[in-house]
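Colleague: from the sequence below, what's the structure:
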Amino acid sequence: MIDHNYFVYILTNFERTVLYTGVTNDLEVRIEQHRNDGNFNSFTKRYKCYYLVFFEHHTYINNAIDREKEIKGWSRAKKNALIEIENKSWDFLNEQIKSS
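Modeller: The predicted model follows:
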């Protein structure tokens, strides 16, 4: 059986004042793409959202996309509460997801 891996993730800036929600099948690569994006008009580049504070795994892309849309529709307070369920101190999780 094929193992499908999709992730809904939330990035923030260093000051933790901005949130970006996305979906990907490779967290490590996608975060680097955000950091190295040459388009200075992109949201993550403009607000320097490179710091992973939340992610969740999904087996099916449709479920991941639906969850991303759900989270994007939430208030900031509700997104903060979601992050704090797993990451109370808003630690940056970038190193945790790096390949060995």
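
Colleague: could I get the CA-only coordinates of the helix or strand where residue 81 lies as CSV?
Modeller: Assessed by DSSP states H and E, residue 81 sits inside helix 76-86. Extracted C-alpha coordinates of helix 76-86, given in CSV (Å, rounded to 0.1, in the frame of the first residue of the first chain):
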residue,chain,number,x,y,z
ARG,A,76,-6.4,34.7,14.7
ALA,A,77,-7.4,33.7,18.2
LYS,A,78,-8.7,30.3,16.9
LYS,A,79,-5.5,29.8,14.9
ASN,A,80,-3.4,30.7,18.0
ALA,A,81,-5.4,28.1,20.1
LEU,A,82,-4.7,25.4,17.5
ILE,A,83,-1.0,26.1,17.5
GLU,A,84,-0.9,26.1,21.3
ILE,A,85,-2.5,22.6,21.5
GLU,A,86,0.8,21.1,20.3
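
Colleague: which of the residues in it are buried?
Modeller: Residues of helix 76-86 classed as buried by neighbour count (16 or more other C-beta atoms under 10 Å): 79, 80, 82, 83. Backbone N, C-alpha and C define where each C-beta goes, glycine included.

Colleague: in JSON lines, list the residues you listed along with distance to residue 9 and pLDDT.
Modeller: Below are those laid out as JSON lines (distance: C-beta to C-beta, whole Å; pLDDT from 0 to 100):
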{"residue": "79", "distance to residue 9": "12", "pLDDT": "98"}
{"residue": "80", "distance to residue 9": "15", "pLDDT": "98"}
{"residue": "82", "distance to residue 9": "12", "pLDDT": "98"}
{"residue": "83", "distance to residue 9": "11", "pLDDT": "98"}
